[in-house]
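Engineer: Pasting a predicted model and its sequence here:
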Amino acid sequence: MKIGILQTGHAPDELIETAGNLDQMFRTLLDGHGFEFETYAVLDGVFPTGPEAADGWLITGSKFGVNDGHDWIAPLEDLIRAIDTKGLPLLGICFGHQIIAKALGGRVEKFEGGWIVGRVNYQHDGKELALNAWHQDQVTKRPARARVLAGNETCANGILAYGDTIWTLQPHPEFNSEFIAGLIEKRGRGVVPDARLDAASEGLDGPVDSAKIANFMADFLKKERA
């Protein structure tokens, strides 16, 4: 099964050598599930010919915001709607989560409580789900079709599903604690309040459910649909 990775951001140059770029992180996360991957760096103007170019799709995170007005954002929204119309499986993570919501009629805004960084717990099916997060924007109004699968008091729309073809989440299952630590130093200082970064650093030793989410993502992409 071919998965098209729609890359909407780059990892900091200082972290790429050890962690890989954002698309590579998802290749690593989903390794062992039999996927073939092709990356389309949409932020650099590289787009697929259409939704049929892959069997399933994944949109990465980004340092950019969905409301920033970059010239690649509107074509990406068009592609999202085309993938949706075709009924192909689509995953979105952080920026991907937000741009899918925006493209399908939702609203994304900066969280009034500021940045959410580090290990975060979400309520999912009556249980806690722990994942690393790094965001200021979030989905504040869901598209009419979207249903909430997980959230918490600072991020009500943590995981959204649209029918059985689109599944999106605000946090980052592809980010391990080392990468978050790197982001704190390379992108966080001077942007995110130090107290919030320090608190995030102190919580990085806690376990996260990335492997569980990776298995779900793989199953979601591969499952048979009518």
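Structural biologist: Everything's here; your move. What you see is a predicted model, and the numbers here were worked out from it, not measured in a lab. Numbering: from 1, shown residues only.
Engineer: The spatially most central residue of the chain pairs with what?
Structural biologist: Closest to where the C-alpha atoms of the chain average out (CA atoms, centre = their mean) is residue 93, at 1.1 Å. Per DSSP bridges, the residues bridged to residue 93 are residue 169.
Engineer: right, and residue 96 touches residue 9 too?
Structural biologist: No. The pair residue 96 / residue 9 is not scored as a contact, 9.8 Å apart, by CB atoms under 8 Å. In short, each C-beta sits where N, CA and C put it, glycine included.
Engineer: Show me which of these two is the more surrounded one.
Structural biologist: Using other CB atoms under 10 Å, the more surrounded residue of residue 96 and residue 9 is residue 96, with 28 against 18.
Engineer: now the strands: where do they sit in the chain?
Structural biologist: Per DSSP state E, the chain carries strands over the ranges 2-6, 36-40, 56-59, 90-93, 107-110, 116-124, 127-135, 137-141, 146-151, 159-162, 166-169.
Engineer: check contacts around the residue nearest to the centre of the chain.
Structural biologist: 26, 58-61, 168-169, 171-174 (CB atoms under 8 Å, 6 or more residues apart in numbering).
Engineer: go again using 7 Å as the cut-off
Structural biologist: Applying CB atoms under 7 Å, 6 or more residues apart in numbering, we find residue 93 in contact with 59-61, 169, 172, 174.
Engineer: ranking the strands of the chain by burial, who's on top?
Structural biologist: When you average the neighbours per residue for each of the strands of the chain (mean count of other CB atoms under 10 Å), strand 90-93 leads with a mean of 26.
Engineer: quick one on the thing from earlier: Serialize the strands of the chain to JSON lines and add fields for mean pLDDT and distance to residue 187.
Structural biologist: Output for these, formatted as JSON lines (pLDDT from 0 to 100; distance: least, CB to CB, whole Å):
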{"stretch": "strand 2-6", "mean pLDDT": "98", "distance to residue 187": "21"}
{"stretch": "strand 36-40", "mean pLDDT": "98", "distance to residue 187": "22"}
{"stretch": "strand 56-59", "mean pLDDT": "98", "distance to residue 187": "20"}
{"stretch": "strand 90-93", "mean pLDDT": "98", "distance to residue 187": "17"}
{"stretch": "strand 107-110", "mean pLDDT": "97", "distance to residue 187": "17"}
{"stretch": "strand 116-124", "mean pLDDT": "95", "distance to residue 187": "10"}
{"stretch": "strand 127-135", "mean pLDDT": "96", "distance to residue 187": "8"}
{"stretch": "strand 137-141", "mean pLDDT": "97", "distance to residue 187": "15"}
{"stretch": "strand 146-151", "mean pLDDT": "97", "distance to residue 187": "25"}
{"stretch": "strand 159-162", "mean pLDDT": "98", "distance to residue 187": "24"}
{"stretch": "strand 166-169", "mean pLDDT": "98", "distance to residue 187": "20"}
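Engineer: Can you say which of the ones you listed is nearest to residue 193?
Structural biologist: The minimum distance between residue 193 and the strands of the chain falls on strand 116-124, with 9.8 Å, by CB to CB.
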